[in-house]
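Enquirer: below: sequence and its predicted model.
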Amino acid sequence: MEETKAVKTVVSGMRPTGRLHLGNYWGALRNWVELQDKYRCFFFIADWHALTTAEDTVGLRDNTRLLVVDWLTAGLDPEKCVIFRQSDVKEHAELALLMGMMTPISWLLRNPTFKDQLQELYKARYKGQEDKMRKAEGVTKALAEAHGHEADDMALHSDMATYGFLGYPVLQAADIALYGAEFVPVGRDQLPHLELSREIVRRFNRAAGKPVLTEPEPLLTSSPMVPGLDGRKMSKSYGNAIELGEDPKSAEAKIKKMFTDPKKIKADDPGHPEGCVVCAFHRIYNPDWKVREEECRAGKVGCGTCKKQLFELMAPSLSDFKARREPFERDPALADRILAAGAVKAKAAAAELMAGVNSALRIK
């Protein structure tokens, strides 16, 4: 895309946790492909963010390359947008450090995602070790109560509640502000997270005495609700995801396990599409989904048949993505070349911004 002052800047990123799943695609990546033709776009691999919840860094570099390949397969074009790795641009850390000096701890503690994700990670760590988990909960509960805290705040006092995890909204705000982003593509459920970034930018600008950072606006994107197999948000950490380009047999097995209406026991029982994972996917892949929902409510179709037809609707697109991915996979060094080229462009923009920030704060 030809860069001009009239073109607005969009920034967004994804954590490298392996192959992308359908929630990633329908929730963000599909919109990114459209945005690259309309805006000056910076799309980054958030590898530092991945460390906030990672038990280790095994596979981090490989997952980064896998993510780049999936982006290319979906249609992102490095000639139209800047694709880079967060850790290649050290200014992300520099700006996050400065923002952290001005961000109240109370703002971070109010972030509901912090505690919710901690609870999920805590349960995942001790899955299959219930006795050990109960023992750990007892120790953490006693520690919390000894310090005058509510027992319900156990997650906050666990060893998984790290400084980086608590402070990730600060790094996120730096990621956005570093490139002067006017817009951040988000869904309505992400608006509170972006508002925290906006608050951090406003406070930073007040401290600097002038609007050295751009306050980003939400770019509300249209995306369908993509639940996980169990009805929760689709996430690899929950073990409820279907990958883009997933093997047909594996995808079929997962679809058979999808959560359905628990009150619809027999095929001719009236169903309730609301809350049914299978029906949610029919809304995405079935052009006649409204007819299907009426059939479900009338007890004219069973859950087994509905799942079978859903697989038949999804299989072509999964196979097509897998086929389009293969040419990119044949060149193992492709991702590294794209990231290196993107880093040059990102560093230039970041350095310019930080020069203004350091000057405004009278550091340099």
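Expert: Arrived safely, thanks for sending.
Enquirer: how about the contacts made by Tyr28?
Expert: In this structure residue 28 is Ala, not Tyr. 12, 14, 185, 221, 223 (CB atoms under 8 Å, 6 or more residues apart in numbering). Yep, even glycine has a C-beta here, placed from its N, CA and C like the rest.
Enquirer: now the strands for the chain?
Expert: 9-14, 40-45, 82-85, 183-186, 217-220 (DSSP state E).
Enquirer: closest to Met160 out of these?
Expert: Closest of the strands of the chain to Met160 is strand 9-14, at 22.1 Å (criterion: CB to CB).
Enquirer: re earlier: same list, the strands of the chain, but as TSV with mean neighbour count please.
Expert: Formatted as TSV, the strands of the chain follow (neighbours: other CB atoms under 10 Å):
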stretch	mean neighbour count
strand 9-14	22
strand 40-45	26
strand 82-85	25
strand 183-186	22
strand 217-220	16
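Enquirer: can you tell which of those strands is closest to Glu252?
Expert: Across the strands of the chain, closest to Glu252 is strand 9-14 (CB to CB), at 26.8 Å.
Enquirer: let me know the angle separating that closest one from strand 40-45.
Expert: 10 degrees (axes from the mean of the first three to the mean of the last three CA atoms, to 10 degrees).
Enquirer: quick one: the helices in the stretch 101-250 of the chain?
Expert: 105-109, 112-125, 130-146, 163-166, 168-177, 191-208, 248-256 (DSSP state H, counting those that start in this stretch).
Enquirer: still on that earlier bit, what is the nearest of the contacts of Ala28 to Tyr179?
Expert: Among the contacts of Ala28, Ser12 lies closest to Tyr179 (CB to CB), at 10.6 Å.
Enquirer: quick check: the closest one touching Gly187?
Expert: No. Contact criterion CB atoms under 8 Å: Ser12 and Gly187 do not qualify, at 11.7 Å.
Enquirer: domains for this protein, by residue range?
Expert: For the chain, the structural domains run 9-107+164-227+332-360, 112-162, 245-327, going by automatic domain parsing.
Enquirer: end to end, how far does the first one reach?
Expert: Distances were taken as CA to CA, to the nearest Å; on that basis the terminal residues of domain 9-107+164-227+332-360 are 22 Å apart.
Enquirer: could you give the average pLDDT over that domain?
Expert: The pLDDT scores in domain 9-107+164-227+332-360 average 95.
Enquirer: circling back to that earlier point, out of the strands of the chain, which is closest to Ile242?
Expert: strand 9-14 (17.0 Å).
Enquirer: can you name every helix or strand that the closest one contacts?
Expert: In terms of contacts (3 or more CB pairs under 8 Å, 6 or more residues apart in numbering; DSSP states H and E), strand 9-14 is packed against strand 40-45, helix 168-177, strand 183-186.
Enquirer: can you list these in a markdown table and add distance to Gln86?
Expert: As requested, these are arranged in a markdown table below (distance: least, CB to CB, whole Å):
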| stretch | distance to Gln86 |
| --- | --- |
| strand 40-45 | 5 |
| helix 168-177 | 7 |
| strand 183-186 | 15 |
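Enquirer: and the contacts of Ala28, which is closest to Ser87?
Expert: Met14 (14.0 Å).
Enquirer: show me what the closest one bridges to in the sheet.
Expert: Ile45 (DSSP bridges).
Enquirer: quick check: it touching Tyr25?
Expert: No. Under the criterion of CB under 8 Å, Met14 is not in contact with Tyr25, lying 10.8 Å apart.
Enquirer: before we move on, the earlier item: what is the nearest of the contacts of Ala28 to Pro332?
Expert: Of the contacts of Ala28, the one sitting nearest to Pro332 (CB to CB) turns out to be Met14, at 20.7 Å.
Enquirer: quick one, what contacts that closest one?
Expert: 20, 24, 28-29, 43, 45-46, 67.
Enquirer: including distance to Ile176, could these go into JSON lines?
Expert: Below are the contacts of Met14 laid out as JSON lines (distance: CB to CB, whole Å):
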{"residue": "Leu20", "distance to Ile176": "21"}
{"residue": "Asn24", "distance to Ile176": "19"}
{"residue": "Ala28", "distance to Ile176": "15"}
{"residue": "Leu29", "distance to Ile176": "18"}
{"residue": "Phe43", "distance to Ile176": "12"}
{"residue": "Ile45", "distance to Ile176": "15"}
{"residue": "Ala46", "distance to Ile176": "11"}
{"residue": "Leu67", "distance to Ile176": "19"}
